[in-house]
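Visitor: with the input below, show me the fold.
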Amino acid sequence: MTISNRLLFICLLCLPSMAGMAQKDSIASQWEVTNVRMLGLGGSEVLDTYLSPEKYKGSEIRYISHTLRQREDSKWLNYFIHEGNMSTNEDRSGDGTTLGFLYDFRYARHRSWLTAGNRLLLEAGGMLNAGLGLLDNTRNSNNPAQVRCFLHVGASGAATYRFHLGSKAYALRYEAMVPLIGLMFSPNYGQSYYEIFSRGDYDHNIVPTTPFSAPTLRHSLTADFPLLGLRWRVGYLGDFQQAEVNNLKQHVYTHALVIGIVRHFNITHIKP
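Guide: Purely as a prediction, here's the structure:
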């Protein structure tokens, strides 16, 4: 065998290992992603004394996109939750109606711990919550609508128990989020939106919030199970938002049944 042939043979032997090294160096990180898209249907109760002293009760429909991202071999979890809901409610006499619309975004970062033989996953961390919406009272002429706008920072946590029945994998999950401090928009008592936006008369309309002035809780209990070749999530969602600021009271209470489809996939980031 000539020298050139020997060099060619050695290069061919080195190519697989060189390719493996190049591929390893090019991968920056890998993320495990779980996305759940759910539809929620339930009952709601609305009170806003800026619009009316009456409580309004009715129904709500809600769309939820719940995404978990976790870096491979990391104990930190990142949650991105987008929600949009629409409600219609009536007063006791049936003469008045409110229509509610709200877009709600939550970002949470949790530290996780595995226990009970890797079957129980515990999580705890912080949360950022922003919301923008509108509450419209079809009966009013002077104050027909109320803007809902808020930004909260709070605490959140979750517990997931995974188990098998036969060859099928199941999971039970409880999740809770509680705002601690934040800001919200509110007219003052007797102040009109014309005074705020047309005349520019500010009257304590950006209000700090705490658990004392705006006690709020969002929690859910769900079950994941396989069916018809898909993985499903079904359960209960309770969302209780309330505030008492500027001598005005408001709350939106929701009890809903949620159902959706769970998807698991990986995202690989490659260095250029």
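Visitor: what about the strands in the stretch 101-250 of the chain?
Guide: For the stretch 101-250 of the chain, the strands defined by DSSP state E, counting those that start in this stretch cover 120-137, 145-165, 168-185, 206-209, 217-227, 230-245, 248-270.
Visitor: mind putting those strands into a markdown table with mean pLDDT, distance to Arg62 and mean neighbour count?
Guide: (Each C-beta comes from the backbone N, C-alpha and C, glycine too.) Shown next, in a markdown table, are these (pLDDT from 0 to 100; distance: least, C-beta to C-beta, whole Å; neighbours: other C-beta atoms under 10 Å):
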| stretch | mean pLDDT | distance to Arg62 | mean neighbour count |
| --- | --- | --- | --- |
| strand 120-137 | 96 | 12 | 18 |
| strand 145-165 | 96 | 15 | 17 |
| strand 168-185 | 97 | 15 | 17 |
| strand 206-209 | 96 | 23 | 16 |
| strand 217-227 | 97 | 11 | 17 |
| strand 230-245 | 97 | 8 | 18 |
| strand 248-270 | 91 | 6 | 16 |
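Visitor: out of those strands, flag the one nearest Gly42.
Guide: Across the strands of the stretch 101-250 of the chain, Gly42 has its closest neighbour in strand 248-270 (3.0 Å, C-beta to C-beta).
Visitor: could you check the pLDDT of the most centrally placed residue in the chain?
Guide: What sits nearest the mean C-alpha location of the chain, by C-alpha atoms, centre = their mean, is Ile81, with 2.8 Å. If you check Ile81, the pLDDT there is 97.
Visitor: show me what it is bridged to.
Guide: His66, Arg106 (DSSP bridges).
Visitor: could you tell me how far it is located from Arg69?
Guide: As judged by C-beta to C-beta, to the nearest Å, Ile81 and Arg69 stand 12 Å apart.
Visitor: likewise for Ile61?
Guide: With the distance defined as C-beta to C-beta, Ile61 ends up 27 Å from Arg69.
Visitor: same check, this time on Asn89
Guide: When distance is defined by C-beta to C-beta, Asn89 is 36 Å away from Arg69.
Visitor: of the two, who's got more company?
Guide: More crowded of Asn89 and Arg69, by other C-beta atoms under 10 Å: Asn89, with 24 against 15.
Visitor: and Thr88, what are its bridge partners?
Guide: Ser59, Leu99.
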